[in-house]
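Trainee: Build me a model from this:
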Amino acid sequence: MLLTRIKGPRDLDRLSQEELDQLAAEIRSFLVDAVSKTGGHLGPNLGVVELTIALHRVFDSPKDKVLFDTGHQAYVHKLLTGRQDFAGLRTKNGLSGYPSRAESDHDVIENSHASTVLGWADGLAKANEVLGREDHHVAAVIGDGALTGGMAWEALNNIAAAKDRPLVIVVNDNERSYGPTIGGLANHLATLRTTDGYERFLARGKELLERTPVVGKPLFETLHGAKKGLKDFIAPQGMFEDLGLKYIGPIDGHDIEALESALTRAKRFSGPVIVHCLTQKGRGYTPALEHEADRFHAVGVIHPDTGLPVKTAAASWTSVFADEMVKLGHERADIVGITAAMLHPVGLNKFAEAFPDRIYDVGIAEQHGATSAAGLATGGVHPVFAVYATFLNRAFDQVLMDVALHKCGVTFVLDRAGVTGDDGASHNGMWDMSILQVVPGLRLAAPRDAEQLRAQLREAVEVKDAPTVVRYSKGVVGPAVPAVGRIGGMDVLRAPAPEVTRPDVLLVSVGALAPMCLEIADLLDKQGISTTVVDPRWVKPVDEALAPLADRHRVVVTVEDNGRTGGVGSAVAQALRDAGVDVPLRDFGIPQRFLDHALRKEIMAEIGLTAPDIARQVTGLVAKLDGRYDSEPAAAVD
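Mentor: Numbers count the residues shown, from 1 in each chain. Below is the predicted model:
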């Protein structure tokens, strides 16, 4: 096999055109076989095989910097840079599903949030200029969907302003992000793809430019659309000439010879160049091509021949939300859905099918999505913006200043909250309950099971004068955790024996960690430590009944699937101080560090967020209190 002879990019230089085509076929076969066993991003990588080969033939990595936006399409890049052991892909001690500096000098950036690559490329090109490195080049690969992000447009403004600074922007245009492209911008690029010449577009392009100054000014017209931020920008070619961005394309993204020719010309140019490549997501794998929803953007373990899952998926948190949103949609005509180019991953596809006129795909533009939601709420409807927890970080200012300051009734539904595991550091949703604590008026729910998700989503959409947030985990929803009582707005999940006048521990359980907290209580009970377990349900604001309840216990323990700094534990501690309740408190959560990819259970064990680990520490704390209880006051443990 040719692939096994490729130990680095320069090994590609010796191959003939026929051998390069053979190599492309071998890579596709390898990817289907390997990713079907581990799961991962299959469709995007099948679409960039020839493009990645051409990039590494033309550019001399790692001296030249080859950058991938988002990075989920970098599997081929890994194969061509000497990383062909995919047996442990996205598992502990195995290959990351994204570029990783720890793996290779060929990996420059590893942030798997979209729309950042052009900013990186601009900075690297500037560094080459400052240091006089004329023989160093920068090539940035960005998907057409990622160009919807505001950061990409800000970077383009700066890149276009430097007409003599070399930089190659490779647009990987597959008409998709997760799902098919929709909207006016998509229609423009579709026209460009199917037209032999550009003459008919020139007049329209100049007209747009006269109305829309670009460099250093808002790109009003080009920012309009659901997914493809590039559309009006590259239709027509004349717009590039006026901007100072040379345009090459569109190029068949599966023709290695044509790609090499275009990239070589772009590399030799003394200024910024856009190379527009048309690729096919899922190319070469029939099950992916026939999967209209997302062309196998990301798969679990599948049968390689059929593409069908090996195991039947159990009900997920996302599916519970999806079904409840449809019910709410039938009950209330004022409820609308918003997604940032992730209709299926966040579960809004069912709502979109039932109410096609009440769903808005804003593209990979979370900031715009949040402010647009504020406008929708001000206009009299109730938007539900479903987004991955890690991606809401990008829209914090809009949540704070546009939604909360204006007291808009917007519900944010955060999928993949807490430790997600195999996608690595940037995908763990471990910051949301910390950063949202500082937003005045915001209310935040963390449901513990499917029943509570349904109930708290309904409670959230009833709020008309403040933002509400409902956050839940990735994957399968756990068993129902019934309450045995209610104190204030909190559910009591376990109460000590009636004869216990002052229980030892008040255990505050946050969200899906309820089963683990009940296990902790069982372990403590075996040590003779009495425990009350409560689920606050709404963790922001802290329930007024919590402080008096804490005052009736010897120690308070909080357990959350969120960073410890500024999280629920910190909020509870502050609430106790404000109420004058001087009870020792111990908060358990995720340490504030970037966590390597691994299974969720492996990460939880690594950071000590397991029932035995927590029970052991709480037992030690109570024992310490017992040892000095009669002689000195108990000190807070932080």
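Trainee: Show me the shaky parts of the chain.
Mentor: In the predicted model of the chain, residues 176-244, 628-638 satisfy pLDDT under 70.
Trainee: so how far is the longest helix along it off the chain centroid?
Mentor: Scanning the chain for the longest helix, with DSSP state H as the assignment, gives helix 17-38. Put simply, helix 17-38 sits 28 Å off its chain's centre (CA atoms, centre = their mean, to the nearest Å).
Trainee: Report the buried residues of it.
Mentor: Neighbour counts using 16 or more other CB atoms under 10 Å place 20-21, 23-24, 26-28, 30-32, 34-36, 38 of helix 17-38 among the buried residues. In short, each C-beta sits where N, CA and C put it, glycine included.
Trainee: do the same with stretch 146-165
Mentor: Applying 16+ other CB under 10 Å to stretch 146-165 flags 146-153, 155-160, 162, 165 as buried.
Trainee: which of those sit farthest apart?
Mentor: The largest separation in the buried residues of stretch 146-165, counting by CB to CB, is between 148 and 165 at 24.6 Å.
Trainee: between the buried residues of helix 17-38, which is nearest residue 625?
Mentor: residue 38 (47.3 Å).
Trainee: Which residue, other than its chain neighbours, is closest to that closest one?
Mentor: residue 89 (4.4 Å; CB to CB, 6 or more residues apart in numbering).
Trainee: For that neighbour, list the residues it contacts.
Mentor: The contact partners of residue 89, by CB atoms under 8 Å, 6 or more residues apart in numbering, come to 34-35, 38-40, 95, 97.
Trainee: Kindly report the same for residue 617.
Mentor: For residue 617, the contact set (CB under 8 Å, 6+ apart) comprises 586, 588.
Trainee: That one should be in a helix, yeah?
Mentor: Yes: read with DSSP: H, G, I helix; E, B strand; the rest coil, residue 617 is one of the residues of a helix.
Trainee: Tell me how far it lies from residue 558.
Mentor: Distance of residue 617 to residue 558, computed by CB to CB, to the nearest Å: 13 Å.
Trainee: list residues touching both of the two?
Mentor: Residues touching both residue 617 and residue 558 (CB under 8 Å, 6+ apart): 586, 588.
Trainee: For residue 445, give me phi and psi.
Mentor: Dihedral pair for residue 445: phi -110, psi 140, per degrees, to the nearest 10.
Trainee: what number of residues lie near it?
Mentor: Using other CB atoms under 10 Å as the criterion, residue 445 is surrounded by 25 other residues.
Trainee: Tell me if I'm right that it and residue 461 touch.
Mentor: No: taking contacts as CB atoms under 8 Å, residue 445 lies outside contact range of residue 461: 11.3 Å.
Trainee: where do the contact lists of these two overlap?
Mentor: Listed as contacting both residue 445 and residue 461 by CB under 8 Å, 6+ apart are residue 468.
Trainee: Now render the contacts of residue 89 as CSV, adding distance to residue 142.
Mentor: Formatted as CSV, the contacts of residue 89 follow (distance: CB to CB, whole Å):
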residue, distance to residue 142
34, 25
35, 23
38, 26
39, 25
40, 21
95, 23
97, 18
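Trainee: Show me where the stretch 101-250 of the chain has its helices.
Mentor: Secondary structure of the stretch 101-250 of the chain by DSSP state H, counting those that start in this stretch: the helices cover 117-130, 150-161, 184-193, 199-211, 231-234, 238-243.
Trainee: The stretch 351-500 of the chain too?
Mentor: With DSSP H, counting those that start in this stretch as the criterion, the stretch 351-500 of the chain has helices at 366-378, 389-392, 396-397, 432-435, 450-461.
Trainee: just those: most buried one?
Mentor: Stretch with highest mean neighbour count among the helices of the stretch 351-500 of the chain: helix 389-392 (a mean of 25; mean count of other CB atoms under 10 Å).
Trainee: Can you spell out which helices and strands pack onto that one?
Mentor: Packing partners of helix 389-392 (3 or more CB pairs under 8 Å, 6 or more residues apart in numbering; DSSP states H and E): strand 411-415, helix 432-435.
Trainee: would you turn those into JSON lines with distance to residue 1?
Mentor: Below are those laid out as JSON lines (distance: least, CB to CB, whole Å):
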{"stretch": "strand 411-415", "distance to residue 1": "40"}
{"stretch": "helix 432-435", "distance to residue 1": "45"}
